[in-house]
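Chemist: pasting the structure only:
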Ligand SMILES: N[C@@H](CCC(=O)N[C@@H](CS)C(=O)NCC(=O)O)C(=O)O
């Protein structure tokens, strides 16, 4: 079967998967799930992902949830250099991906969601402020690492960069300025210059 990515390409978590699948030249389909209409929580979608979130990936092995798990799986089965074989380096990739999900994404992605998707409702403004402050702290951590590294792990482009690129490059949509972070801006440009790179907009137009 042709693999299916369930999701919405405006979501950084879904974009990560689409970008890697495209870099790996996997022939896959996008099945649009409208999170704003609550489709991720529908009874029908719960059969695909009982965590009730996008992205989900389907191939001949079944359904897989969690963006970073999907990245590791795809890189592994395609024996891609985007996931180092060395256990120590592989653990560094996972370290950044766990940090992305625990620290970076809950701040940067939520600020973006409140601004871009929800248009800053009054009852979420305090939360937005907290997310923006936490985003600044997370981006400072990233900036410090990138001051002496060209990519996150072993100075080589890897799925750790894809995980962190996804929401960092659209942080300004959450009204989080990247001006104080020149090293991050250089790294974003390096990621965008990697061979085969596709933007959210490019993937959206080629998959829909
Ligand atoms: N940890 C999950 C997070 C996924 C996630 O938060 N997905 C959001 C869109 S970016 C979603 O499906 N929201 C729909 C909802 O909560 O109803 C991952 O990395 O895949």
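Modeler: Yep, that arrived. Note that the structure is a prediction, hence the values are computed from the model and not measured.
Chemist: In terms of residue numbering, what are the domains of the protein?
Modeler: With domains defined by automatic domain parsing, the chain comprises 4-81, 87-192.
Chemist: From the contact count, pick out the helices and strands touching the helix or strand hosting residue 91.
Modeler: Assigning secondary structure by DSSP states H and E places residue 91 in helix 87-99. Secondary structure elements in contact with helix 87-99, counted by 3 or more Cβ pairs under 8 Å, 6 or more residues apart in numbering; DSSP states H and E, are helix 67-77, helix 159-168. For every residue, glycine as well, the C-beta is placed using N, CA and C.
Chemist: returning to that earlier point: could you export the domains of the chain as JSON lines, including mean neighbour count, distance to the ligand and mean pLDDT?
Modeler: As requested, these are arranged in JSON lines below (neighbours: other Cβ atoms under 10 Å; distance: least, Cβ to the nearest ligand atom, whole Å; pLDDT from 0 to 100):
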{"stretch": "domain 4-81", "mean neighbour count": "18", "distance to the ligand": "3", "mean pLDDT": "97"}
{"stretch": "domain 87-192", "mean neighbour count": "18", "distance to the ligand": "6", "mean pLDDT": "98"}
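Chemist: out of those, nearest to residue 203?
Modeler: Minimum separation from residue 203 across the domains of the chain (Cβ to Cβ) falls at domain 4-81, 4.8 Å.
Chemist: residue contacts, residue 115?
Modeler: 128, 173-175 (Cβ atoms under 8 Å, 6 or more residues apart in numbering).
Chemist: meant to ask about residue 139
Modeler: By Cβ under 8 Å, 6+ apart, the residues touching residue 139 are 108, 168, 171, 176, 178, 180-181, 184.
Chemist: Could you identify the most distant pair in the residues you listed?
Modeler: By the measure Cβ to Cβ, 108 and 180 form the most distant pair in the contacts of residue 139, at 14.3 Å.
Chemist: ranges for the helices of the protein?
Modeler: Assigned by DSSP state H, the chain shows helices spanning 12-23, 43-46, 67-77, 87-99, 105-112, 125-146, 159-168, 182-192, 200-207.
Chemist: Could you export those helices as TSV, including distance to residue 31?
Modeler: Shown next, in TSV, are these (distance: least, Cβ to Cβ, whole Å):
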stretch	distance to residue 31
helix 12-23	11
helix 43-46	10
helix 67-77	14
helix 87-99	24
helix 105-112	21
helix 125-146	29
helix 159-168	19
helix 182-192	26
helix 200-207	10
